[in-house]
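Student: Predicted model, plus sequence, below.
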Amino acid sequence: MTYSNKVLDHYENPRNAGSFAQDEEGVATGMVGAPACGDVMKLQIKVSKDGIIEDARFKTYGCGSAIASSSLVTEWVKGKTLDEALTIKNARIAEELALPPVKIHCSVLAEDAIRAAVADYKKKHGEK
Amino acid sequence: MSVDLSLDYFALFGLPYRFRLDEEALDRAWHALQAEVHPDRHAHLPDSGQRGAIAGALRVNEAYAVLKKPVTRARCLLELAGVSQDAVNARVPSPECLFEQLEWREAVEEARKANDIDALEQFALRLQIQTDGIITYLAEQLDGRRDLEGAADTVQRLTFIDKLRLEIDNALAAFDNYN
C-alpha cells in the first residue's frame, strides 16, 4: 500500500503533536481506540472563554494514516466553536488525505476523537 | 484425501470448542493434516486437483495460525458463538482501557527516545505477566461462565496489548540492529 503525499507530509511533519497539562484552563481530552487494529489516539482541545477552540494537540500510536488523520484535525478544529468542530466528518478527512478504503477507519477514529474531546469539555463545564 | 473446507478451524483439527488449548494436540493435528495436504503428494493429480490441494494446505496453515494465538483463537470462538468480528470491534473500549494504553505507550515512547533498553525490557516483562493474567481471565469467561459480552471486551483489551507488545518488540529490535 502506498501513502498519499499528504499523509506522508503529516506523518513526517506532524502538526500540533504533544499534550497539554490535563488541569490547564479550558483543556479537554478525547481518547479513542480502534479495537480492530489496536491503534489509540488522544486529542486535546483548548477552548477560550467565548467558546472558540484556540489550540489543539494530539498523540497517536498507530499507522501513518491514523497519525495523519489526527494531525489534520488538530489544524481543522482551530478557530472553530465546539458545534462547528462537530461538523467535521470522517469522509472529509479521508478525502483530504486520499485514504484508501482499508484506511477509512483511521479517519473515523479522528472524527470520534473530536466528539470525545468536545463531550469531555461539555462534561467538565456542566453542559449537556 | 483432501481437506473439507466447510469445516470450522476447531473441527478441522478435531479439537474441542474451548479457549484453553492442548497445544500438543494442536501441533500433532497440524503435522498430520499438513502431511495429507502437502502439494507434493498431489503432484500426480490434474491441475484442478492440485489447486484443491493448495487451497487445503492454505486453509490448514491459516487455521493453525488462528488457533495458536490466544487473541485470534478467542475471536474465532466468539464468531462461532454468533459474536462476529465486527460486533467485537464495534464495542466502544472502556475509558480505563484507553487510558491504560495511552499511559503505557507514552512510557514506551519515552524509554525508546531515552535509549533506555532496561526500561523497555522491564516493560516487556510486566506486560507478559499482565497478559498471562488476562488470558486466564478470558479462559474463565469463554470456557467457564460463557460470558460472551465480557469476553468480547477482554479480547479488545488483548488486541490493544498485542499492538503495544509489537511496539516494544520493534523498539528492542531497533536497538539490536544499532548495536
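Tutor: Cool, got the structure. Predicted model only: the values in this text are computed from it and were never measured.
Student: and the residue nearest to A:Asp120 when sequence neighbours are not counted, what are its phi and psi?
Tutor: Nearest residue to A:Asp120 in three dimensions, chain neighbours excluded: A:Ala28, at 4.2 Å (C-beta to C-beta, 6 or more residues apart in numbering or on different chains). Every C-beta, even on glycine, is put in place using the N, C-alpha and C of the backbone. According to degrees, to the nearest 10, the main-chain angles of A:Ala28 amount to phi -130, psi 150.
Student: How much space separates the residue nearest the centre of chain B from chain A?
Tutor: The centroid of chain B falls nearest to B:Lys69 when counting by C-alpha atoms, centre = their mean (2.9 Å). Between B:Lys69 and chain A the computed distance is 14 Å (C-beta to the nearest C-beta, to the nearest Å).
Student: B:Ala25: neighbouring residues, count only.
Tutor: A count of nearby residues for B:Ala25, using other C-beta atoms under 10 Å in any protein chain shown, gives 13.
Student: Check the gap between the closest residue to it other than its chain neighbours and B:Ala29 for me.
Tutor: Residue nearest to B:Ala25 in three dimensions, not counting chain neighbours: B:Leu15, with 6.4 Å by C-beta to C-beta, 6+ apart. Separation of B:Leu15 from B:Ala29 (C-beta to C-beta, to the nearest Å): 7 Å.
Student: worst-scoring helix or strand of chain A, pLDDT-wise?
Tutor: helix A:5-12 (a mean of 92; mean pLDDT, DSSP states H and E).
Student: I'd guess the residue nearest to B:Ala25 is in a helix, am I close?
Tutor: No. Per DSSP: H, G, I helix; E, B strand; the rest coil, B:Leu15 lies outside any helix segment and is coil.
Student: Please list all residues in contact with A:Glu24.
Tutor: A:Lys46 (C-beta atoms under 8 Å, 6 or more residues apart in numbering or on different chains).
Student: ok, back up a step: tell me which residues are up against the least confident helix or strand of chain A.
Tutor: So helix A:5-12 is contacted by A:Tyr3, A:Gly64, A:Ser65, A:Ile67, A:Ala68, A:Ser71, A:Leu72, A:Glu96, A:Leu97, A:Ala98, A:Leu99 (C-beta under 8 Å, 6+ apart).
Student: Just the buried ones among these, please.
Tutor: Buried members of the contacts of helix A:5-12, scored by 16 or more other C-beta atoms under 10 Å in any protein chain shown, are A:Tyr3, A:Gly64, A:Ser65, A:Ile67, A:Ala68, A:Ser71, A:Leu72, A:Glu96, A:Leu97, A:Leu99.
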